[in-house]
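Colleague: Predicted model, plus sequence, below.
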Amino acid sequence: MIVDSLEPITLIGGGPLPTADLAEALTIAQTCVAADGGAKAALKYGIVPDAVIGDFDSITPDILAQIPPARLHKISEQNSTDFDKAMRYITAPVVIAVGFAGGRVDHQLAAFHTLLRYPDRPCIIVGAQEIVFHCPSHIALPIDPDQIVSLFPMTPVTGRSTGLQWPIDGLDFAPDTFVGTSNHSTGPIELWMDGPGMLCILPRQYLRAVTRALVSQG
């Protein structure tokens, strides 16, 4: 591992990064890691990342010069995204990922693929209005009534739920046949998944609650 932390970590990507996203993430996870071009965004906000991980194809020499060499970790391969490279070498209770949503659609899809690829490494992608995370085998969340709860399968998967207007028990989810967008909460929810592959999309206001729930999984 390049980064091995007992506390949550903020991971900065090279995509659009509103000030509010980074500020909120850092109140939850003070340790800051940049995925390649995310180093430029970090420095823009006066933050020298604790580590920079990537193939460095999006970092100019002037950016590299502002970061201590011991914090630079070049992964010289082009078969994965910088988000994938970072997640591969980070161990933490949860990663709060900012700068990975709101830009190119293909980049966002690749980020969702990475969530699926590392189901044992909890990560929350922060968007402008929503958060996205890979469902563990069980999670309980203190959601208020009448909140949108979307479940999107990346692979065939089944599960059970409480607290949803339309329970998922007995449903066969798959990306090409049945998805669970725009469900609604009736109050606190619990989800049980029979295997990996389900992404959960919630309103952004539940970032802290989801972080606490994922940390408790450890």
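Modeller: Okay, I see it. In this text the structure is predicted, and so the values were computed from the model without any measurement. Residues are numbered from 1 along each chain as shown.

Colleague: Tell me the strands beside the longest strand along the chain, with direction?
Modeller: Assignment by DSSP state E gives strand 180-193 as the longest strand of the chain. As defined by DSSP bridges, the strand partners of strand 180-193 come to strand 138-141 (antiparallel), strand 148-153 (antiparallel), strand 159-164 (antiparallel).

Colleague: what mean pLDDT would you report for it?
Modeller: The average pLDDT for strand 180-193 rounds to 97.

Colleague: hmm, back to that, Asp106: which of the strands paired with strand 180-193 is closest?
Modeller: Evaluated over those, closeness to Asp106 peaks at strand 148-153, with 16.7 Å, by CB to CB. Just so you know, the C-beta spots here come from the backbone N, C-alpha and C atoms, and that holds for glycine as well.

Colleague: List the buried residues of that closest one.
Modeller: Residues 149-153 are the ones in strand 148-153 that count as buried (16 or more other CB atoms under 10 Å).

Colleague: domains of the protein?
Modeller: In the assignment given by automatic domain parsing, the structural domains of the chain cover 3-128, 138-202.

Colleague: surely Ser137 meets Met193?
Modeller: Yes. Contact criterion CB atoms under 8 Å: Ser137 and Met193 qualify, at 5.6 Å.

Colleague: between these two, which one's more packed in?
Modeller: Using other CB atoms under 10 Å as the criterion, Ser137 and Met193 rank with Met193 on top: 24 against 13.
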